[in-house]
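K.L.:
Got a predicted model here, sequence first, then my questions.
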Amino acid sequence: MKRFLLIVMLALPLCAQKTVPWFSGTGGAKVGPGSPPLTCQVGELFLQTSSTSIYGCTERDTWTLFSGEGWALPEPTVSAAAAVILDYETGQVVWSKAPDVELKQASTTKLMTALLAHEYDPELDDQVTVSATAAATVGTRAELVTGEVIAMSELLRGLMLPSGNDAAVAIAEHVGRTYLGGTDGATGYAAFIARMNSRAGELGLGHTAYATPHGMDAAGHYTTARELAALGRVYLGVPALRSISATLSYAGTAVSGGPANPHNWKNTNRALGQYPGTISGKTGTTVQAGQCLMALHQMGGNAYIVAILGSTDRYQDATAMWEYAHTLAGTEPEGLTGRSNTAHVDLTGSWPTTSYFPGSYPTNGYGIYSSSAGATATYRFWGTGVQVVTSRSSARGRFDVALDGGTAEMVELYSATATPGVVVWEVQDLPLGMHTIVLTVRADRHASSSANTCPLEDFVVTR
């Protein structure tokens with residue numbers, strides 16, 4: 001919130017800056033909707049969002065009204081064609097850009113698909129047989145196979161985490177045939193699409209229409225940022241669905257004609273790892289729709305949904321919008337996030353994500369690793385610092401870490417004693433914003449090391 005201080009200072013009348021002795025900005029600024037805090041230090045500013053008044057601390061614990069003429073909190077700058085910030089508790093729009101323009105929504109469509117699946121199968125225990133049509137669906141996939149029998153609870157994870165279009169069709173065919181009068185996959189699918197549209201009407205979404213259950217570009221398929229936010233609020237109000245979309249990764253097994261068909265799914269929603277406090281949501285991307293996002297962020301006692309359509313950088317848009325909303329509400333920033341951020345790492349070389357190390361790691365129970373020189377792992381985060389967490393042992397190598405394109409630092413992972421959960425590298429006190437670290441496996445290793453393995457457990461972000 002301090003980053004708004006300079007903007008407010010520049011906006012104040014020049015004469016005031018010259019004549020008010022405490023106006024120096026050295027005490028920082030606080031922002032909130034209520035009265036100024038009971039205590040203060042000389043030089044502090046308090047920006048009251050409810051009346052846009054400005055108070056200054058002229059003596060210790062004494063606030064003086066400096067200006068009742070108003071000040072403007074800078075609105076977020078976003079690349080999105082349309083965007084909305086919605087207060088999760090009240091349902092009120094906090095800020096918007098083109099909120100009622102009808103645009104394609106891509107895979108955020110799956111919010112309605114999942115909502116209907118839960119409404120017709122609230123226990124999520126239906127056993128769904130995947131048809132050849134569903135298995136052949138193109139686009140982002142859960143890698144389902146024809147004849148696979150999968151529980152609805154797991155199928156929804158395949159729908160919401162990797163954004164499986166095949167899972168969307170499987171759900172539509174099953175629900176339409178089982179509950180909506182369809183006689184086969186095709187008529188079940190059609191019945192489900194009809195129900196998506198009628199359910200939108202029941203929810204008051206008069207500018208939303210569905211032509212598919214997955215959101216691939218199609219005629220007659222659209223929504224608005226306002227209505228995407230409203231649908232997101234309904235979806236997030238269902239604990240089971242909210243929990244599924246909050247999951248970073250999932251490993252499960254379905255039955256395919258007898259043999260097991262293992263699934264390892266990663267959540268496409270990178271806001272979960274990049275911006276601490278992000279709880280749940282859904283992404284969507286197509287050529288015509290651009291980047292789309294519905295996501296929920298909570299900090300302190302405030303929670304906000306962002307709905308973004310037609311963006312070129314949805315995560316930058318989302319962070320700018322959440323920063324604005326929390327600043328407006330006077331939310332105090334929190335410290336460290338929980339862990340489990342390795343699901344949002346971009347990998348090159350032979351740094352795989354499918355090897356499991358049960359019991360060896362303190363978070364998800366698995367890690368990502370590589371022993372190939374030159375392999376990289378790239379992690380983007382929004383915050384003021386980050387810790388790299390991994391294990392040390394006698395079979396470990398070395399990697400270089402570079403922050404924001406700067407000079408790389410070597411990290412030694414060798415240790416004669418095996419130790420999990422070690423913070424092997426960290427940086428703090430960065431400017432609040434988006435940062436990038438790149439880890440690169442080195443070709444050399446400690447003379448006593450028996451292998452060049454470089455695992456990762458987690459990244460812990462400081463907000």
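P.N.:
Received it, and whenever you're ready, just let me know what you need. Residues are numbered from 1 along each chain as shown.
K.L.:
C-alpha only now, for contacts and for neighbours.
P.N.:
Fine.
K.L.:
Beyond the helix or strand of the chain with the lowest mean pLDDT, next helix or strand please.
P.N.:
Lowest on mean pLDDT, DSSP states H and E among the helices and strands of the chain sits helix 14-19, with a mean of 33. Per DSSP states H and E, the first helix or strand lying C-terminal to helix 14-19 is strand 29-32.
K.L.:
buried stuff in the lengthiest helix in the chain?
P.N.:
Scanning the chain for the longest helix, with DSSP state H as the assignment, gives helix 185-202. By neighbour count with 16 or more other Cα atoms under 10 Å, helix 185-202 contains the buried residues 185, 187-197, 200.
K.L.:
and these as JSON lines, adding pLDDT and distance to residue 159?
P.N.:
What follows is the buried residues of helix 185-202, written out as JSON lines (pLDDT from 0 to 100; distance: Cα to Cα, whole Å):
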{"residue": "185", "pLDDT": "95", "distance to residue 159": "18"}
{"residue": "187", "pLDDT": "98", "distance to residue 159": "21"}
{"residue": "188", "pLDDT": "98", "distance to residue 159": "18"}
{"residue": "189", "pLDDT": "98", "distance to residue 159": "16"}
{"residue": "190", "pLDDT": "98", "distance to residue 159": "19"}
{"residue": "191", "pLDDT": "98", "distance to residue 159": "19"}
{"residue": "192", "pLDDT": "98", "distance to residue 159": "16"}
{"residue": "193", "pLDDT": "98", "distance to residue 159": "16"}
{"residue": "194", "pLDDT": "98", "distance to residue 159": "20"}
{"residue": "195", "pLDDT": "98", "distance to residue 159": "18"}
{"residue": "196", "pLDDT": "98", "distance to residue 159": "16"}
{"residue": "197", "pLDDT": "98", "distance to residue 159": "19"}
{"residue": "200", "pLDDT": "98", "distance to residue 159": "19"}
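K.L.:
Let me know the closest of the residues you listed to residue 378.
P.N.:
Among the buried residues of helix 185-202, residue 196 lies closest to residue 378 (Cα to Cα), at 38.5 Å.
K.L.:
now that we're looking at that closest one, how far away is residue 110 from it?
P.N.:
Here the distance between residue 196 and residue 110 works out to 10 Å (Cα to Cα, to the nearest Å).
K.L.:
okay if I get the buried residues of helix 185-202 as TSV plus distance to residue 229?
P.N.:
Shown next, in TSV, are the buried residues of helix 185-202 (distance: Cα to Cα, whole Å):
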residue	distance to residue 229
185	31
187	30
188	28
189	26
190	26
191	25
192	22
193	21
194	22
195	20
196	17
197	17
200	13
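K.L.:
which one among those gets closest to residue 211?
P.N.:
Closest approach between the buried residues of helix 185-202 and residue 211, by Cα to Cα: residue 193, at 6.5 Å.
K.L.:
Quick one: low-confidence residue ranges for the chain.
P.N.:
Within the chain, the stretches with pLDDT under 70 are 1-28, 50-52, 67-72, 256-259, 332-345, 349-370, 463.
K.L.:
Let me know the distance separating residue 268 from residue 157.
P.N.:
Look at residue 268 and residue 157: by Cα to Cα, they are 12 Å apart.
K.L.:
OK, contacts around residue 191?
P.N.:
With contact set as Cα atoms under 8 Å, 6 or more residues apart in numbering, residue 191 has these partners: 176-177, 180-182.
K.L.:
run the last query once more with 6 Å
P.N.:
residue 176 (Cα atoms under 6 Å, 6 or more residues apart in numbering).
K.L.:
in the sheet, who's paired with residue 82?
P.N.:
Beta bridges link residue 82 to residue 309 when assigned by DSSP bridges.
K.L.:
One more: residue 381?
P.N.:
Under DSSP bridges, the residues paired with residue 381 across the bridge are residue 435.
K.L.:
Name the residues of the very next helix or strand once past the longest helix of the chain that are buried.
P.N.:
Next in sequence after helix 185-202, counting helices and strands by DSSP H and E, comes helix 225-236. Neighbour-count burial for helix 225-236 flags 225-236 (criterion: 16+ other Cα under 10 Å).
K.L.:
okay, those residues in CSV with distance to residue 169 next?
P.N.:
Listed next are the buried residues of helix 225-236 as CSV, based on distance: Cα to Cα, whole Å:
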residue, distance to residue 169
225, 25
226, 26
227, 23
228, 21
229, 24
230, 24
231, 20
232, 21
233, 24
234, 22
235, 19
236, 22
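K.L.:
Hmm, residue 290 is touching residue 310, no?
P.N.:
Yes - in this structure residue 290 lies within contact range of residue 310 using Cα atoms under 6 Å: 4.6 Å.
K.L.:
the more surrounded of these two?
P.N.:
Set residue 290 next to residue 310 and count neighbours by other Cα atoms under 10 Å: residue 310 wins out with 26 against 21.
K.L.:
Show me the helices in the stretch 351-463 of the chain, by range?
P.N.:
Applying DSSP state H, counting those that start in this stretch to the stretch 351-463 of the chain gives no helices.
K.L.:
my guess is residue 298 is in a strand, correct?
P.N.:
Yes - the assignment for residue 298 is a strand, going by DSSP: H, G, I helix; E, B strand; the rest coil.
K.L.:
For it, give me its contacts.
P.N.:
Taking Cα under 6 Å, 6+ apart, one finds residue 277 in contact with residue 298.
K.L.:
That one and residue 107: what is the separation?
P.N.:
Applying Cα to Cα to residue 298 and residue 107 gives a distance of 23 Å.
K.L.:
what do you get for residue 114?
P.N.:
Distance, residue 114 to residue 107, by Cα to Cα: 11 Å.
K.L.:
Mind checking which of those two has more residues around it?
P.N.:
Counted by other Cα under 10 Å, residue 114 and residue 107 do not tie: residue 107 has more neighbours, with 30 against 22.
K.L.:
Surely that one is within a strand?
P.N.:
No - with three-state DSSP as the criterion, residue 107 is assigned helix and is not in a strand.
K.L.:
Next, the contact list for it, please.
P.N.:
Residue 107 makes contact with 214-215, 284 under the criterion Cα under 6 Å, 6+ apart.
K.L.:
what does residue 408 give?
P.N.:
Taking Cα under 6 Å, 6+ apart, one finds 400-402 in contact with residue 408.
K.L.:
burial of residue 376, as a residue count?
P.N.:
The burial count for residue 376: 23, using other Cα under 10 Å.
K.L.:
same question, residue 184
P.N.:
A total of 13 residues lie near residue 184 under the criterion other Cα under 10 Å.
K.L.:
how far away is residue 438 from residue 400?
P.N.:
Counting by Cα to Cα, the gap from residue 438 to residue 400 is 8 Å.
K.L.:
neighbour count winner among the two?
P.N.:
Using other Cα under 10 Å as the criterion, residue 438 and residue 400 rank with residue 438 on top: 21 against 17.
K.L.:
In space, what's closest to that one - neighbours in sequence excluded?
P.N.:
Nearest residue to residue 438 in three dimensions, chain neighbours excluded: residue 378, at 4.5 Å (Cα to Cα, 6 or more residues apart in numbering).
K.L.:
same thing with residue 32?
P.N.:
In space, residue 32 is closest to residue 330, 3.8 Å off (Cα to Cα, 6+ apart).
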